[in-house]
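Engineer: based on what follows, work out the 3D shape:
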Amino acid sequence: MTKKNGEFVLPGDLLGVSEEFIPGYGAYEDGGKVYSSIAGIAKLDFEKKKAFVDPLTDVPPVPKEGDIVLCEVTGIREKIAMVEIIALKKNSQRALAASPMARIYISQTSRRYVTDISREFQTGDLVRAKVANVKRTPIELSTIEENLGVIKAYCSKCKHPLEKKDNKLECPNCGNTEFRKIASDYRKGVF
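Structural biologist: Numbers count the residues shown, from 1 in each chain. Below is the predicted model:
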């Protein structure tokens with residue numbers, strides 16, 4: 001039985017058919033029908049042809065385009081840095097509802113032309129990034145803006161935390177010098 005606008009719904013309740021509505025937040029389509037995916041209040045927008053659900057329970061956050069995230073670099077490929085999202089800035093105390101895996105393409109690293117992504121990021125770096133695209137899996141992030149990029153890095157030789165010296169990073173333990181796409185407030189705060 002189809003639910004009405006403003007009515008309480010549970011996961012799996014029918015909201016309408018796909019000819020009437022596009023599923024929004026808290027809704028999904030299956031077999032030409034739109035169902036609730038969470039418990040909450042049904043919101044049926046007949047003008048925009050959208051069905052969504054306002055949650056009544058505290059749901060884990062889902063990254064959206066434009067969100068700022070804290071992540072750790074887990075691997076470097078030829079033109080991609082693979083990262084694991086640790087937290088969303090707006091809700092840093094909750095685990096994510098979506099997969100924490102994401103990627104940063106070489107073209108989304110910096111305003112300047114980058115030829116080698118391994119000069120911008122290294123495995124283990126903590127990075128502040130902006131969510132650029134959630135429609136792809138894994139989601140895509142960007143560090144182009146000045147306040148985005150590596151916020152804490154470790155020496156590739158002795159694993160000691162690196163300190164910022166001009167536009168490069170230097171190890172106070174062994175003297176090694178490294179380069180990264182450094183956030184403007186490197187080691188001055190997490191978010």
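
Engineer: my guess is Ala51 contacts Val34, does it?
Structural biologist: Yes. The pair Ala51 / Val34 is scored as a contact, 4.9 Å apart, by Cβ atoms under 8 Å. (C-beta placed from N, C-alpha, C; glycine too.)

Engineer: overlap in contacts, these two.
Structural biologist: Leu15, Gly16, Glu20, Phe21, Ile22, Pro23, Ala27 (Cβ atoms under 8 Å, 6 or more residues apart in numbering).

Engineer: neighbours of the residue nearest to Lys157 when sequence neighbours are not counted, how many?
Structural biologist: Distance criterion Cβ to Cβ, 6 or more residues apart in numbering; nearest residue to Lys157, sequence neighbours excluded, is Asn176 at 4.9 Å. Residues near Asn176, counting by other Cβ atoms under 10 Å, number 15.

Engineer: OK, contacts around Asn176?
Structural biologist: For Asn176, the contact set (Cβ under 8 Å, 6+ apart) comprises Cys155, Ser156, Lys157, Cys158, Glu170.

Engineer: ok so, going back, ok, Ala51 and Val34, which is more surrounded?
Structural biologist: More crowded of Ala51 and Val34, by other Cβ under 10 Å: Ala51, with 31 against 24.

Engineer: now for the shared contacts of Ala51 and Val34: which two are most distant?
Structural biologist: Farthest apart among the shared contacts of Ala51 and Val34 by Cβ to Cβ are Glu20 and Ala27. That separation is 12.0 Å.

Engineer: who touches both of these two?
Structural biologist: Residues touching both Glu20 and Ala27 (Cβ under 8 Å, 6+ apart) are Val34, Ala51.

Engineer: who has more neighbours, those two?
Structural biologist: More crowded of Glu20 and Ala27, by other Cβ under 10 Å: Ala27, with 24 against 15.

Engineer: that one and Ala102, how far apart?
Structural biologist: 24 Å (Cβ to Cβ, to the nearest Å).
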